[in-house]
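Engineer: Sequence first, then the predicted structure, then my questions.
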Amino acid sequence: MRRLILITLLMAAAPLAANAQTWPGWPGPPPPGYDLGSAIADQHRIEMDRLRNQAAEREALAQQQRLQTQLTIQQLQAARQPTPPLPPPTAYAPRTPEQERQAREAHTARREEMVRGITEIDAWLDRRPH
């Protein structure tokens, strides 16, 4: 039981020892040569260095992932099956006179149908008002 309490106290005191970088102001006067401003500046410098290192690690990881992505894309493109060549275009085959006549009649029928629809609208618009 005593060992458990002792271990618990040591584990609780370990983080306190790591955080004790500035003089807390007790139990007595600061040691000679202690400057609160420089101690705080040291803490800030250490934290800034840690953040810079962390940012550099993240940038290196991002660069590594970009390179891996490019490599994967290149591997996928290299593994693709090439598309078969297109067949050569066929030569122009002129239509027969019968096909030409059918095309002319179809075009005439479409034009007359369109004109008939337009004249119906014009007649409706030109009607006498009630």
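Structural biologist: On my side now, so go ahead.

Engineer: remind me which residues of the chain are low pLDDT?
Structural biologist: 1-26, 28 (pLDDT under 70).

Engineer: Swap in 90 and give it another go.
Structural biologist: Filtered on pLDDT under 90, the chain yields the residue ranges 1-40, 78, 80-95, 111-130.

Engineer: That one: helices as residue ranges?
Structural biologist: Secondary structure of the chain by DSSP state H: the helices cover 2-19, 36-79, 97-125.

Engineer: Compute the distance from the centre of the last one to the centre of its chain.
Structural biologist: Here the centre of mass of C-alpha atoms in helix 97-125, compared against the chain's by C-alpha atoms, centre = their mean, to the nearest Å, lies 54 Å away.

Engineer: Adjust the sequence numbering to begin at 56 for everything that follows.
Structural biologist: Okay, using 56 as the starting number, the last item reads as helix 152-180.

Engineer: Check which residues of that helix are buried.
Structural biologist: Buried residues in helix 152-180, counting neighbours by 16 or more other C-beta atoms under 10 Å, are absent. Where you see a C-beta, it was placed from the backbone N, CA and C, and this is true even at glycine.

Engineer: sorry, back to before: so which of the helices of the chain comes closest to residue 146?
Structural biologist: Comparing the helices of the chain against residue 146 with C-beta to C-beta, the closest turns out to be helix 152-180 (16.8 Å).

Engineer: Redo the helices of the chain as a markdown table? Include distance to residue 140.
Structural biologist: Listed next are the helices of the chain as a markdown table, based on distance: least, C-beta to C-beta, whole Å:
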| stretch | distance to residue 140 |
| --- | --- |
| helix 57-74 | 71 |
| helix 91-134 | 19 |
| helix 152-180 | 31 |
